[in-house]
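Q: structure, please.
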Amino acid sequence: MSTNIRPPVSMRRRPSRSVPATITALLLLALGVALVWGGVVRLAQGGWPVFVTEPVRVLGETGWDSAWGWTGAVVLLLIGVILLLCGMIPGDFSALPLRAKPGKLTGTSGSAEAGDLSAVRGGENVVMSRRAVARLAASTCDHIDGVASASASASSRKVHLDVTTALHDASDVQHWVEDGVRSRLAATGLDPVPEVTASVRVRN
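A: Residues are numbered from 1 along each chain as shown. This next block holds a predicted model:
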């Protein structure tokens with residue numbers, strides 16, 4: 001009896017796009033407030049305010065084939081293309097992949113016939129967020145001799161640690177930290193293990 005297994009789907013998380021979305025929302029909000037204000041002035045005083053009539057007059061006097069007309073068209077075209085690309089193009093993968101034994105997430109016994117998790121249930125992807133990797137690296141430093149305090153940042157390929165020590169020989173502490181964190185990340189199952197670097201500052 002054969003079973004059709006779906007091919008694994010690669011996880012790719014899209015970024016929040018908060019910066020362009022916020023800028024666009026603020027511009028649209030400002031435009032909406034200006035139009036509402038202009039409408040209220042038109043109803044109350046019988047005429048449009050200057051901030052409405054002046055741009056309309058300038059646009060009416062500007063020819064389509066003029067330098068200002070072409071410049072405005074190109075600017076609007078570039079803004080539209082940028083917003084379109086922000087919505088369509090996926091961002092960088094914001095998590096690090098993990099190796100996982102088949103029995104851990106699927107409840108199977110993890111027999112030798114199931115070589116890895118990708119062969120189970122169509123293939124699952126197990127990942128760890130960059131923030132979680134950074135927190136794991138920093139907490140690992142707390143158990144390393146000579147480390148007074150540590151903070152970490154992580155990207156998809158690199159983990160960097162800022163370490164403070166009371167010892168005078170910072171080179172030894174840097175070596176211990178890099179080796180210890182690298183071993184901890186490898187034991188966690190990160191595959192590939194990101195590059196680990198450390199900057200050590202001697203506390204006075």
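Q: could you check the pLDDT of the nearest residue to V127 once chain neighbours are set aside?
A: Leaving out its chain neighbours, the residue that sits closest to V127 by C-beta to C-beta, 6 or more residues apart in numbering is A95, at 3.8 Å. Any C-beta I mention is one placed from the backbone N, CA and C, and that applies to glycine too. On pLDDT, A95 comes in at 78.
Q: what about A95, distance to L28?
A: Look at A95 and L28: by C-beta to C-beta, to the nearest Å, they are 32 Å apart.
Q: more neighbours, those two?
A: Per other C-beta atoms under 10 Å, whichever of A95 and L28 has more neighbours is A95, with 18 against 10.
Q: tell me the phi and psi of the more buried one?
A: phi -140, psi 160 (degrees, to the nearest 10).
Q: tell me where the protein has helices.
A: Taking DSSP state H to define them, one finds helices in the chain at 18-45, 50-61, 67-88, 102-106, 130-141, 170-188.
Q: please render those helices as TSV that adds distance to S156 and mean pLDDT to the earlier fields.
A: Below are the helices of the chain laid out as TSV (distance: least, C-beta to C-beta, whole Å; pLDDT from 0 to 100):
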stretch	distance to S156	mean pLDDT
helix 18-45	20	87
helix 50-61	46	81
helix 67-88	20	85
helix 102-106	22	47
helix 130-141	7	93
helix 170-188	13	92
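Q: quick one: the ones you listed as JSON lines, columns for distance to S153 too.
A: Shown next, in JSON lines, are those (distance: least, C-beta to C-beta, whole Å):
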{"stretch": "helix 18-45", "distance to S153": "19"}
{"stretch": "helix 50-61", "distance to S153": "46"}
{"stretch": "helix 67-88", "distance to S153": "25"}
{"stretch": "helix 102-106", "distance to S153": "28"}
{"stretch": "helix 130-141", "distance to S153": "6"}
{"stretch": "helix 170-188", "distance to S153": "12"}
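Q: V202 is nearest to which of those helices?
A: V202 sits nearest to helix 170-188 of all the helices of the chain, at 5.4 Å, using C-beta to C-beta.
Q: out of the helices of the chain, nearest to S149?
A: Closest to S149 of the helices of the chain is helix 130-141 (C-beta to C-beta; 8.3 Å).
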